[in-house]
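> This is a predicted model, with the sequence first.
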Amino acid sequence: MDDPRAQRLFGDNLVAPGDLASSPFRVDRDRIVSSPFLARLAGVTQVISPGGAGLLVHNRLTHSLKVAQVGRAIAERLASGSAADHLEKLGGCDPDVVEAAALAHDLGHPPFGHGGEHALDAALADAGGFDHNAHTVRIVTLLETPYPDFDGLNLSWEALEGLAKHNGPVDAASWAMAEANARWDLELATWPSLEAQVAAISDDIAYDNHDIDDGLRAGLLDLDELLELGIVQRLWRGIEERHPGISLEKRQRALTRDMIGTMVEDVLAETGRRVREAGVETIDDVRRAGRQLAGFSEALAKEEKALKSFLYDRLYGSPELEAVRREAERVVTNLASVYRDDASRLPDAWQRVGDRVQQLRTIGDFIAGMTDRFAIARHEELVGPVELPDRF
């Protein structure tokens, strides 16, 4: 059944031959799930690489799956909450749009995540730099080419808008985002749909909690220090009261579940309140609201900010991960330098005819599409050894 909001980028084929789903937004989700660019994320570091130690930690793919899980749950429950009447006028908060945005939001991350992005942005400064969010849009509209009739995945405009603006209005569009906007007018200055906002807050919920889980598992976070945070301390005591005598591992995993549940319930209540107060009745009302409608309450936002500060200080900025980041940036910087000096080293499929800027952006596309291990292998082949700690 066609959704009146849905419009494809190329033509009006909302559901094409070969698509398994009947909903156009479910088709968006299915096309993203089928993309090798999503599968690639299994080989891209989230925060901690398992390394030779075989740590059970998250990568970019498992992170994206958890964002989609949280986002879909929030979208489905919003329809039965206190803002149900307003959401009914809006046409609901479509779980498939949320899930599509959540699954695809990190497609543009280069190898080694944010460290690789920083290095690639610097290496391509004379070609406009590199931004992973804009590169996500570039992938789904240009680089992923499984269909004979057009480039990209031919997602709906709503899905593309959600990917472009899931973090809010885009004030300064990078070259890649500007190119996409010139073709489809993504209304970059406005707030995105409620679905995109739900995907964004779900991203925060997911990585806050699985980064804590991974940090404890890897021995990079100290539990006693973590328990000094108010929200963690409250939930930890509640677990002890409900389940006295359980093992430390079970208690830590219960903490992750309770943290996610607490944040989700807060988002549901606060989003409902904001939707009611804003009096939105159309999707355009959401875009013109001038503020984020899906988010944490003021009290939880303050606690979540303290939690993020703790993670930046004790985990992301830890000496162990700083050493990994420096080496990862060196790998990406050296690869960019090699290909800049001699573009003929690129595989045949990546040889492009064009000016110097186009050539450099093709180099960026190629490197951004690598997994961590592939980048390491190419560096060892073209430059020399890579000295990453075995554990991380």
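Structure's in. What do you need?

> And the helices in the stretch 151-300 of the chain?
157-165, 175-184, 194-217, 223-226, 230-242, 248-278, 283-287, 298-311 (DSSP state H, counting those that start in this stretch).

> These: which one's closest to residue 102?
Among those, the nearest to residue 102 by C-beta to C-beta is helix 194-217 (4.6 Å). All C-beta spots, glycine's among them, are computed from the backbone N, C-alpha and C.

> Break this protein into its domains for me.
24-192+320-382, 194-318 (automatic domain parsing).

> Packed most tightly, which of the ones you listed would that be?
Mean neighbour count (mean count of other C-beta atoms under 10 Å) peaks for domain 24-192+320-382 among the domains of the chain, with a mean of 19.

> rewinding a little: got the helices of the stretch 151-300 of the chain as TSV, with distance to residue 102 and mean pLDDT columns?
Listed next are the helices of the stretch 151-300 of the chain as TSV, based on distance: least, C-beta to C-beta, whole Å; pLDDT from 0 to 100:
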stretch	distance to residue 102	mean pLDDT
helix 157-165	9	93
helix 175-184	19	94
helix 194-217	5	95
helix 223-226	26	96
helix 230-242	23	95
helix 248-278	14	94
helix 283-287	18	87
helix 298-311	18	97
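
> Dump these to JSON lines, plus distance to residue 115.
Converted to JSON lines, the helices of the stretch 151-300 of the chain look like this (distance: least, C-beta to C-beta, whole Å):
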{"stretch": "helix 157-165", "distance to residue 115": "22"}
{"stretch": "helix 175-184", "distance to residue 115": "20"}
{"stretch": "helix 194-217", "distance to residue 115": "15"}
{"stretch": "helix 223-226", "distance to residue 115": "24"}
{"stretch": "helix 230-242", "distance to residue 115": "27"}
{"stretch": "helix 248-278", "distance to residue 115": "25"}
{"stretch": "helix 283-287", "distance to residue 115": "34"}
{"stretch": "helix 298-311", "distance to residue 115": "16"}
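
> quick one on the thing from earlier: put together a markdown table for the domains of the chain, with distance to residue 389 on each row.
Formatted as a markdown table, the domains of the chain follow (distance: least, C-beta to C-beta, whole Å):
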| stretch | distance to residue 389 |
| --- | --- |
| domain 24-192+320-382 | 6 |
| domain 194-318 | 11 |
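
> can you list contacts of stretch 26-42?
By C-beta atoms under 8 Å, 6 or more residues apart in numbering, the surrounding residues in contact with stretch 26-42 are 14-16, 19-21, 59-64, 96-97, 99-100, 103-104, 106-107, 109, 139-140, 143-144, 146, 153-156, 159, 369, 371.

> give me that answer again for 7 Å
Identification of contacts with stretch 26-42 by C-beta atoms under 7 Å, 6 or more residues apart in numbering yields 15, 19-21, 59-61, 64, 96, 99-100, 103-104, 106-107, 139, 144, 153, 155-156, 159, 369, 371.

> next one: stretch 291-300
168, 191, 194, 197-198, 201, 263, 266-267, 269-271, 274-275, 278, 286, 304.

> quick revisit: and the helices of the stretch 151-300 of the chain: which comes nearest residue 384?
Across the helices of the stretch 151-300 of the chain, closest to residue 384 is helix 194-217 (C-beta to C-beta), at 30.0 Å.

> and the angle from the closest one to helix 248-278?
If you take axes from the mean of the first three to the mean of the last three C-alpha atoms, to 10 degrees, helix 194-217 sits at 160 degrees to helix 248-278.

> Number the chain from 565, please
All right, first residue 565 from here; so that's helix 758-781.

> Extract the CA atoms of helix 758-781 and return them as CSV.
Taking Å, rounded to 0.1, in the frame of the first residue of the first chain, the C-alpha atoms of helix 758-781 are listed here in CSV:
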residue,chain,number,x,y,z
LEU,A,758,10.0,13.2,13.7
GLU,A,759,11.3,9.8,12.5
ALA,A,760,14.7,11.2,11.8
GLN,A,761,14.8,12.8,15.2
VAL,A,762,13.8,9.5,16.8
ALA,A,763,16.7,7.8,15.0
ALA,A,764,19.1,10.4,16.3
ILE,A,765,18.2,10.1,19.9
SER,A,766,18.2,6.4,19.6
ASP,A,767,21.8,6.7,18.4
ASP,A,768,22.7,8.4,21.6
ILE,A,769,20.9,5.8,23.7
ALA,A,770,22.6,2.9,21.9
TYR,A,771,26.2,4.1,22.0
ASP,A,772,26.0,5.5,25.5
ASN,A,773,25.1,2.1,26.8
HIS,A,774,27.1,-0.3,24.6
ASP,A,775,30.2,1.9,25.0
ILE,A,776,29.8,1.5,28.8
ASP,A,777,29.4,-2.3,28.3
ASP,A,778,32.4,-2.5,26.0
GLY,A,779,34.6,-0.3,28.2
LEU,A,780,33.9,-2.5,31.3
ARG,A,781,34.4,-5.7,29.2
